[in-house]
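> This is the structure alone, sequence omitted:
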């Protein structure tokens, strides 16, 4: 107690804390992107889209497929292939999201909460097993030649190192979120979406094409999840048919934590969950990181049932 | 809002879309070049052909079964097949007792394999009946039900280690009490909130519990715990261990079913239904809504604990996989397939969903990898075409399909 | 009361009659292990190996004058499913079982076999507990995690001259088991385990754990887990600038690991059995396997093949399928197999389990 703290170790600790902060934020921004999909669908349909984690996983595979197709065509410049692969992954996943809604949810729109939820759980199992059966039971490697140069390029930001890989994640996440806020807050389409979320019947009476708007919301959420999927695939290096499950669950937790239905809330929730996990791994043990994440969720729901940024919603039961 | 009556209204567009979207998964193969670290894509038909050669015939069989069902509905009887059969067998306490007694007796002519399978089916019947209390009777959703199953199983396993004199039958009250207690504590904070919060909190609880079970040494970590021999179900006199387990399983399932049946037809049961139908109206009538919801959830958790403790005594072993989301979903699917709110439905749903994948695996080993895929398809198809389940009540059918 | 007893007796009589209807004229051997799901591929290999051996025996006229019927069951890699499968096999009247694959499945299943008095030989479950519970009819034809972790820890301390190592496991019976043995031996030798932690087996982002590893000042990392996590873990360690050695057990010995880490991976040290596949005597087996199943034999196929051969030979020698006699015979002598000469000790483990250190050289595993 009496000995003065060693200044060196203090600085080291500080820089490592910053590193944890960056790792945690990278992880959290991925959760945030996926959480946005949960929250948008909940905001509009009032249903929990359990298959969303699987859409994320489809995005992971789609990115590798796209890179493979470009590789076969002889296109290997990372500067071109990577953004293109992310875009293609977003497009394919958006298609899956829309198809998912069309087949499994549309007919159940007016039904009791349990029906679309069960259907979504079924869809999640179907998608996961479809990928397992059609691609592989084992893992697929994200092409190293794309990820490695990015992971090995580092920039020093004061005391911490930021890899190009993390920079790509932050930049993409930030750009996508800004785009989403702009779309929802500033465009006619966004106003229409919000109108549908508020009162579907009324919006329909005002001449809005509700079916199309809902399909659009699914496409949007799925595209965001796919972008997250592509980046996680790159960040982790491997992907598997069950890669979407845990991240889906965490992102869903993040959406609840921030207040489900609330877009900035989903982002906040994602970042908090990501940071919590990494802080737990660093300061306590990795063993406990799931437990702390869920403990925070339960605590927040206890103290502030509507989530951090959620508005007071009337009982819907 | 113009909703198409039949989802096959836009059949061609949906099939075309699916064909395009699934194309990269079905018709290509990734070739990683591990020297350079790049990957290339090759067109190969094998995967797709193999997949379609299993899925297309299966879809045709499903369509044929659906067609038969329609024929039955049109010409056979005004009541659906399952509803008629299952209601006969499980309608009243007396019918239930007779059916279960017949099942127990049938054990003497069942093969050992059927006995062990049957015991597992009974455990899942208890779980489905228990979950039905919350989901079916009060309309509350629970997504982490397996957590209480695990609670019961671990409680008994740990207690049997701590108290070497613990008799096997103690599993039932012990599992019930502890799981019900945990259920009460979990339900307490979230039952005042909107309906779907219980779903989320139980889900989080189950995930956290699984992690805790995996991390602690008292629960044996990931390997789980072996239940000491003296606490397991044993052979009694001339009755072998397999038969003893089967008779005990049938007996406990009957007890659970009767308990829930009595509860459903009591004052409390009627109050639950009132809450499910219209919570506000129920509250106006003076029904203590929160307290009754909590009661339903506690009973539900307790029944899962009973099933878990029984499992521990039967299998002689518990591990964290009893608390997985997969397990919770399986139980949920049993309730929904059988028919939400229907006691015979839960029994039937549990039997079907437990037996189908197992039998599929044994009879068609070549396609056993497809069993979960089909399971998912059945869940979706049920919700689309028969949301009230195999033997759900017409009232539930209305609710699930929605009024719009 | 009398009536009840009469009914009971009658029911038993009926049951006994029905039970006797089918005359047993085959010898049933259970083949159990994970065959579907993520571990399906690697788990099917030993079952196919056993199947191949049984086919060969049947072609030669079977054992004890009986044809052998293989009853293959999938435990899905899940413990509770393994119990169900074990009970099913016992009920189906198998005389011996070859399996299971995962340690987490062998452990509970062996309880069932023990109770039923059935010989069990596992070709791949390496957790020490499998043979540590005094079951005299449980055998293991592969090494143990403590032998493996021991070899790895000694190698780390003596040959690599490491003094501070971080130990990370995947929280499974296998991964945690081997990690704990590594820690014990390494600390007993005077080394320091600076971090001991577990990550769920589906986790693929190791960065926070890597920060903790770096903070702890570890010179090297020992990973108790499977190849699908080991690959990304290794890559992320290198990306974070960690230059130390990466040690692991047989779980990361898989061609898929090299696909993930690339041909130039350095300082990867894996404990695994000697190179049996390259021996001359394994050639006919490998060819027969490829001809029958259309695939190259995976790492554990050869163990399944040996397990079946040794078991059947022991039954032949014992002249009975009685579990006690077969167990005695198994322990009494040395058995020739493709994986070398096998001799079982009192616990049912191999007396001499060979573990050698492998490394990655020019894009392939090579004995160091």
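Nice, I can see it. Small disclaimer: the values here were computed from a predicted structure and weren't measured.
> Can you name the residue of chain C nearest chain A?
Here chain C gets closest to chain A at one residue, residue C:208, 3.5 Å apart by C-beta to the nearest C-beta. C-betas here are computed from N, CA, C, even on glycine.
> give me every residue that touches that residue.
A:20, A:23, A:24, A:27, A:277, A:278, A:279, A:281, A:282, A:286, A:289 (C-beta atoms under 8 Å, 6 or more residues apart in numbering or on different chains).
> ok, then the element right after the helix or strand encompassing it?
When secondary structure is defined by DSSP states H and E, residue C:208 falls within helix C:207-216. Downstream of helix C:207-216, the next assigned helix or strand under DSSP H and E is strand C:220-224.
> now that next one and helix C:207-216, what's the angle there?
140 degrees (axes from the mean of the first three to the mean of the last three C-alpha atoms, to 10 degrees).
> tell me the mean pLDDT over strand C:220-224?
For strand C:220-224, mean pLDDT rounds to 95.
> count of residues packed around the spatially closest residue to residue B:97 that is not a sequence neighbour?
Using C-beta to C-beta, 6 or more residues apart in numbering or on different chains and skipping the chain neighbours, the partner closest in space to residue B:97 is residue B:254 (6.5 Å). Residues lying near residue B:254 (other C-beta atoms under 10 Å in any protein chain shown) number 20.
> ok, now which ones touch residue B:254?
B:96, B:97, B:100.
> Check the gap between it and chain C for me.
For residue B:254, the distance to chain C equals 18 Å [C-beta to the nearest C-beta, to the nearest Å].
> Secondary structure element for that residue, which one?
Going by DSSP H and E, residue B:254 is part of helix B:241-264.
> for chain C, which spans come out with low pLDDT?
C:1-24 (pLDDT under 70).
> Which of the three states applies to the residue most central in space within it?
In chain C, the residue lying closest to the centroid (C-alpha atoms, centre = their mean) is residue C:124, at 1.3 Å. Assigned with DSSP: H, G, I helix; E, B strand; the rest coil, residue C:124 falls in the coil class.
> is it true that it touches residue C:47?
No - between residue C:124 and residue C:47 there is no contact under C-beta atoms under 8 Å: 10.3 Å.
> Overlap of the contact sets of the two?
residue C:33.
> Quick check: the gap between residue C:330 and residue A:230.
54 Å (C-beta to C-beta, to the nearest Å).
> For residue C:167, give me the backbone phi and psi.
Backbone geometry at residue C:167, expressed as degrees, to the nearest 10, gives phi -120, psi 120.
> Give me the buried entries from the contacts of residue B:254.
Neighbour-count burial (16 or more other C-beta atoms under 10 Å in any protein chain shown) applied to those gives B:96, B:100.
> which one of the contacts of residue B:254 is nearest chain A?
Set against chain A, the nearest of those by C-beta to the nearest C-beta is residue B:96 (25.6 Å).
> Look at that closest one and report its pLDDT.
At residue B:96, pLDDT is 82.
> wait, what's in contact with it?
By C-beta under 8 Å, 6+ apart, the neighbours of residue B:96 are B:89, B:90, B:254, B:257, B:258, B:261.
> before we move on, what about residue A:253?
Here residue A:253 is in contact with A:269, A:273, A:293, A:294, A:297, B:204 (criterion: C-beta under 8 Å, 6+ apart).
> what's the third one in contact with, if anything?
When contacts are counted by C-beta under 8 Å, 6+ apart, residue A:293 is found next to A:250, A:253, A:273, A:276, A:277, A:280.
> so which helix or strand takes in it?
Using DSSP H and E, residue A:293 sits within helix A:289-303.
> May I see the buried residues of that helix?
A:289, A:290, A:291, A:292, A:293, A:294, A:295, A:296, A:297, A:298, A:300, A:301.
> and the angle from that helix to helix C:207-216?
Counting by the same axes, to 10 degrees, helix A:289-303 points 120 degrees away from the direction of helix C:207-216.
> and helix A:289-303, how far from the chain's centre?
19 Å (C-alpha atoms, centre = their mean, to the nearest Å).
> mean confidence score for it?
What helix A:289-303 shows for mean pLDDT is 80.
> Can you tell me which residues in the stretch 51-200 of chain C are near chain B?
Contact residues, the stretch 51-200 of chain C versus chain B (C-beta under 8 Å from any C-beta of the partner chain): C:72-74, C:78-80, C:83-84, C:87-88, C:90-93, C:103-104, C:107-108, C:111-112, C:115, C:127, C:129, C:171-173, C:176, C:198, C:200.
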